[in-house]
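Participant: Need coordinates for the below:
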Amino acid sequence: MKKQPKFYLPLEENAIKVPRFEESDGFYTTKQRSKTMAKIKGSNSKPELLLRKALWKENIRFR
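Facilitator: Model prediction:
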């Protein structure tokens, strides 16, 4: 007896289609845009660190 999988993949006809972002399709980025986007951070940003240090200094602990 074969075990049933715990999840089911969608059928090919119902699959979500995600476009490919390729230069041949007109999608491209400049070197400047790439540099700008590389600088964006999701965590440990300057404002976040300043706030965290100020709270820590006031003995406010959080996670």
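Participant: Can you pull up the most central residue in the chain?
Facilitator: residue 42 (8.2 Å; Cα atoms, centre = their mean).
Participant: Against residue 60, how distant is that one?
Facilitator: As judged by Cβ to Cβ, to the nearest Å, residue 42 and residue 60 stand 23 Å apart. Using the backbone N, CA and C atoms, a C-beta is placed for each residue, glycine as well.
Participant: what are the phi and psi angles of the residue nearest to the centre of the chain?
Facilitator: phi -90, psi -20 (degrees, to the nearest 10).
Participant: What is the burial count for residue 59?
Facilitator: Residues lying near residue 59 (other Cβ atoms under 10 Å) number 6.
Participant: To clarify, my last question referred to residue 56.
Facilitator: Residue 56, neighbours per other Cβ under 10 Å, totals 11.
Participant: can you check residue 25 too?
Facilitator: Counted with other Cβ under 10 Å, residue 25 comes out at 9.
Participant: Please name the residues that touch it.
Facilitator: By Cβ atoms under 8 Å, 6 or more residues apart in numbering, the contact list for residue 25 reads residue 19.
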